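In: Got a predicted structure here, sequence first:
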Amino acid sequence: MNELLVLLIAPTLQTLYMIFASTLFSLILGFPLGVLLCVTDSGGIAPRPSLNNAVGRVVNVLRSFPFIILMILVFPLSRIIVGTSIGTTASIVPLSIAAAPFVARIIESALKEVDPGCIQAARAMGSSNRQIILKVLIPEALPSLVAGVTTTIINLIGYSAMAGAIGGGGLGDLAVRYGYQRFRTDVMIVSVIVILVLVELVQLTGSRIGKRLLVKR
Amino acid sequence: MGSEPFIAVRKLKKTFHTHEGALEVLKGIDLEIDRGDIYGIIGFSGAGKSTLLRCLNRLESPDSGTVTIGDVEITALDKTSLNGHRQKVGMIFQQFNLFDSRTVYRNVSFPLEVAGIPKARIRTRVEEILELVELTDKINCHPGQLSGGQKQRVGIARALANQPDVLLSDEATSALDPQTTFSILELLKDINRKLGLTIVLVTHELEVIKYACTKMAVIQDGVIIEKGDVRSVFLNPKSETSKQFIKINDEFLKDFVVEEGGGI
Ligand SMILES: Nc1ncnc2c1ncn2[C@@H]1O[C@H](COP(=O)(O)OP(=O)(O)OP(=O)(O)O)[C@@H](O)[C@H]1O
Ligand SMILES: [Mg+2]
C-alpha cells in the first residue's frame, strides 16, 4: 500500500502540473481566437468574413490533428520554447497547442449564445466594440464560459495521459509502464482511479461555479 | 413654428437585401418632431416602424436621406462621434434587453461606465434615477428577480441615466399587461414633463398613442400616410389604415368626442 502511494505521488504531481499549465496556455492562445471568431462572424459585432473564414479554417485543421502526431510534429517548437522536446514541461507545448483550437471554438459558441438584444442595447448606449466584448459578451456568457473551460480541463486530463509517449510522465504513463508493461494491475487500477477522481473533481467544481453564477441572475 | 424641428427626418430610404431579394422597407420618410413632443409612430406589423426608429440612432444605416437631431446630422457622423451621440439618445425595447449578469444598479450604471463618468458620480446618478422610477428597493436585485413592469422600469432608468435629449421606445409596453402598460406610459409622461425629454414611441397599439402621445404618424409599407396632432388624426383620419386602426377602437374615438365636447 505504501509503495503504491510513493509510486503515485510523482506522476500525480506531473499530471496536475501538465493540466494546470496547458489549461492556462491553451486559454491564453484560444480565448482571444474564440473572441475573434465570434466578433468577426457575419452576424457578429465587427463582421470580417474573410478573416473569420481564414481563422476558422486554421482552427479546424488544428482540431482534427491526431494528438499523438501533433506531439511529434511540435518537437522543434518545444525545443525553441522550453529548450527540450521530451519531458513533462516539454509535453505542455503540444497539449496547449492541441487544446487551443478546441478552446477557441468553445469560447466562440459560448459568446454567440449571448442575447443579441443585449448587444443591441449596449450598442444603442454608444458602447465601443471593446466595451461590448468586455462589459457585455464575456460577463453575460460567463456561465457557459465556465462550462467550456471545465470541458477543456477534462479533455486535457485525457490528453495528458498520452504524454508518456514523449517522456512526459504523469498518471497515464504510470498506468502504462507499471500496469501494462510490468503486469502490475493494482498500479494500473489505482492510476486510473486517480484520473477519474480528478475528472470528477473538475466537473464538480465547474458545475458548482456555473450554478453559483446562474443563481445570481 | 417656422424654425427647424428638433428631430428632422428627410427622404429616408432603406432597403434590406436578403436571400429572397431586395425589400424596400423605408420608401422616403419625412418626419419632424419638436422638442418635448411625445411622438407616436403607429403601423401594422412589418410596416417599417422599428427600422425607422433604429435609423434615428443609426442602429440601422439608411441608404439615403438624412436624420438630424438638434444641429447634429446623425447620418453624417463617423463611428466615434456616433458612439458619443448615442450616449445622449436613450432607447428602450419590447424585450427590455437588460443585462442578466448585472444587478439593477449595474444595469443602470452601464451607460455611465460607457461614457467614462467617474465612479462617485455614477453612484449618485444611479440612486437618483432609481428613485425616479421607484425601484430603489430593487437596487441589488438581478433582472431575473423582477416582474415585466419592473424590468421595463430598469430599462427606462438605464436609458435615462446619462441624461439623454431623446428617448426612443420600440414597443416598450407590448410585452406588458394593460395595467402595467399604463403605469409605464404614465412614467414616460412624467419623465417627459419633469425632464422635458423628447420621446419617440413606436407601437402597434392605438391605446398607447391615445394615452401618451401629443403627435403621431401612421406608417404603412414604408410610407408615412398620415401625421399630425393625435387629436386631429383621431377625429379626422384620412387614410384607410388610420380609419381601420380607429374603427377597431371605436370606443376611444367616443372618448375623444366626449373630451372635445367637455372643452378640454
Ligand atoms: N435586418 C433585416 N434584414 C432583412 N429584413 C429585415 C431586417 N429588419 C427588418 N426587416 C424586414 O423589414 C420589414 C420591416 O421591419 P420592421 O421591423 O421595421 O417592422 P415593424 O413595423 O417594426 O414590425 P413589427 O410591428 O412586427 O415590429 C419587415 O418585413 C422585416 O421582415
Ligand atoms: Mg418592430
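Out: Done, it's in. Ligands and ions are numbered 1, 2, ... in the order given.
In: For chain A, give me the ranges with low pLDDT.
Out: Scanning chain A for pLDDT under 70 picks out A:1.
In: How far does whatever helix or strand residue B:10 lives in sit from its chain's centre?
Out: Assigned by DSSP states H and E, residue B:10 belongs to strand B:7-18. Using Cα atoms, centre = their mean, to the nearest Å, the mean C-alpha position of strand B:7-18 is found 17 Å from that of the whole chain.
In: Likewise for stretch B:115-135?
Out: Distance, centroid of stretch B:115-135 to centroid of chain: 22 Å (Cα atoms, centre = their mean).
In: returning to that earlier point: buried set for the next helix or strand after the strand holding residue B:10?
Out: Where DSSP H and E defines the elements, the next helix or strand beyond strand B:7-18 is strand B:21-33. Judged by neighbour count using 16 or more other Cβ atoms under 10 Å in any protein chain shown, the buried positions of strand B:21-33 are B:25-26, B:29, B:31-33. (Each C-beta comes from the backbone N, C-alpha and C, glycine too.)
In: For strand B:21-33, which helices and strands make contact with it?
Out: When contacts are defined as 3 or more Cβ pairs under 8 Å, 6 or more residues apart in numbering or on different chains; DSSP states H and E, strand B:21-33 packs onto strand B:7-18, helix B:49-56, strand B:215-220, strand B:223-229.
In: quick one: buried residues of the host helix or strand of residue A:190?
Out: Residue A:190 belongs to helix A:185-215 when assigned by DSSP H and E. Using 16+ other Cβ under 10 Å as the test for burial, helix A:185-215 gives A:187-188, A:190-192, A:194-195, A:198, A:202, A:206, A:209-210, A:213.
In: What sits closest to residue B:219 if chain neighbours are left out?
Out: In space, and not counting its chain neighbours, residue B:219 is closest to residue B:43: 3.9 Å by Cβ to Cβ, 6 or more residues apart in numbering or on different chains.
In: mind listing the helices for the chain?
Out: Picking chain A for this. Secondary structure of chain A by DSSP state H: the helices cover A:2-39, A:49-63, A:67-73, A:75-82, A:88-112, A:116-124, A:129-131, A:138-160, A:171-174, A:185-215.
In: switch to chain B, that's the one I care about
Out: Using DSSP H, helices in chain B cover B:49-56, B:79-86, B:104-114, B:119-132, B:148-160, B:178-195, B:206-212, B:230-235, B:240-248, B:250-261.
In: would you list those helices in a markdown table and tack on mean pLDDT and distance to chain A?
Out: Listed next are the helices of chain B as a markdown table, based on pLDDT from 0 to 100; distance: least, Cβ to the nearest Cβ, whole Å:
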| stretch | mean pLDDT | distance to chain A |
| --- | --- | --- |
| helix B:49-56 | 96 | 9 |
| helix B:79-86 | 93 | 4 |
| helix B:104-114 | 97 | 4 |
| helix B:119-132 | 94 | 14 |
| helix B:148-160 | 95 | 8 |
| helix B:178-195 | 93 | 17 |
| helix B:206-212 | 90 | 21 |
| helix B:230-235 | 84 | 26 |
| helix B:240-248 | 72 | 27 |
| helix B:250-261 | 55 | 31 |
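In: could you dump those to TSV with distance to residue A:91 and mean neighbour count?
Out: Shown next, in TSV, are the helices of chain B (distance: least, Cβ to Cβ, whole Å; neighbours: other Cβ atoms under 10 Å in any protein chain shown):
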stretch	distance to residue A:91	mean neighbour count
helix B:49-56	53	22
helix B:79-86	46	16
helix B:104-114	43	23
helix B:119-132	46	15
helix B:148-160	49	24
helix B:178-195	60	16
helix B:206-212	65	21
helix B:230-235	74	18
helix B:240-248	71	15
helix B:250-261	75	12
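In: Intersect the buried residues of strand B:21-33 with the contacts of ligand 1.
Out: residue B:25 (Cβ under 6 Å from any ligand atom).
In: picking that back up, could you measure from the residue nearest to residue B:219 over to ligand 1?
Out: Distance, residue B:43 to ligand 1, using Cβ to the nearest ligand atom, to the nearest Å: 5 Å.
In: do the same with residue B:40
Out: As judged by Cβ to the nearest ligand atom, residue B:40 and ligand 1 stand 13 Å apart.
In: hmm, back to that, list the helices and strands the helix holding residue A:190 packs on?
Out: When contacts are defined as 3+ Cβ pairs under 8 Å, 6+ apart, helix A:185-215 packs onto helix A:2-39, helix A:138-160, helix A:171-174.
In: quick check: angle from it to helix A:2-39?
Out: If you take axes from the mean of the first three to the mean of the last three Cα atoms, to 10 degrees, helix A:185-215 sits at 40 degrees to helix A:2-39.
In: and helix A:185-215, how far from the chain's centre?
Out: Relative to its chain's centre, helix A:185-215 lies at 15 Å (Cα atoms, centre = their mean).
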